[in-house]
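Colleague: Coordinates only, no sequence provided:
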């Protein structure tokens, strides 16, 4: 499809993009599907490999999986939630300074968690500060990414996951029939 057609499709035609989201996307110069497709990643992260906790090196970004041993909220100089996970080779402490009750509940003892972040050497061993994590189901094998994960330039209120999902939708629009339907919908609104 020509760039002209993609330039005519507003981001509001994508699922999950309303007025508030459109306003946030406009702050980083994204108004149309073409803008989104030309909004290139700053870098890529490799989340395709699972690392044993015992082999983590400080400063390395890694994906680990483990069972939650405990999850606690402490009130020192700053409110913090810590969650320890183990994969049988070692224990990793995940630290969160911005968290809510849903996060605390999702990291209940016994749950399996897949986490990605920068490994650091903490006071009590390996740790990650604010890792991205996903609670795993009862599956025996973790659900790793199949490709490199893009990291986009963003702004306050727009998460990386949101930009990835919107970019995936925009790429789907490149299929001729879907693009034509999206153009018709946006012209009717216009």
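Modeller: In hand now; what should we look at? From a predicted model like this one, the values you see are computed outputs, not experimental measurements. Residues are numbered from 1 along each chain as shown.
Colleague: check contacts around residue 149.
Modeller: Applying Cβ atoms under 8 Å, 6 or more residues apart in numbering, we find residue 149 in contact with 44, 45, 46, 47, 164. (C-beta placed from N, C-alpha, C; glycine too.)
Colleague: Next one: it relative to residue 110, how far apart?
Modeller: Distance, residue 149 to residue 110, by Cβ to Cβ, to the nearest Å: 28 Å.
Colleague: thinking again about what came up before, who wins for most neighbours among the contacts of residue 149?
Modeller: residue 47 (18 neighbours; other Cβ atoms under 10 Å).
Colleague: Touching, it and residue 145? I think so.
Modeller: Yes: counting by Cβ atoms under 8 Å, residue 145 is a contact partner of residue 47 at 4.2 Å.
Colleague: Find residues that contact each of these two.
Modeller: Common contact partners of residue 47 and residue 145 (Cβ under 8 Å, 6+ apart): residue 63.
Colleague: Give me the secondary structure label for residue 165.
Modeller: What DSSP: H, G, I helix; E, B strand; the rest coil gives for residue 165 is helix.
Colleague: how far away is it from residue 39?
Modeller: Distance from residue 165 to residue 39, by Cβ to Cβ: 13 Å.
Colleague: between the two, which one's more packed in?
Modeller: residue 39 (19 against 14).
Colleague: quick one, phi psi at the more buried one?
Modeller: phi -80, psi 90 (degrees, to the nearest 10).
Colleague: got it, and residue 128?
Modeller: Per degrees, to the nearest 10, the backbone of residue 128 is at phi -130, psi 130.
Colleague: pretty sure it is touching residue 122, no?
Modeller: No: applying Cβ under 8 Å, one finds residue 128 not in contact with residue 122, separated by 9.1 Å.
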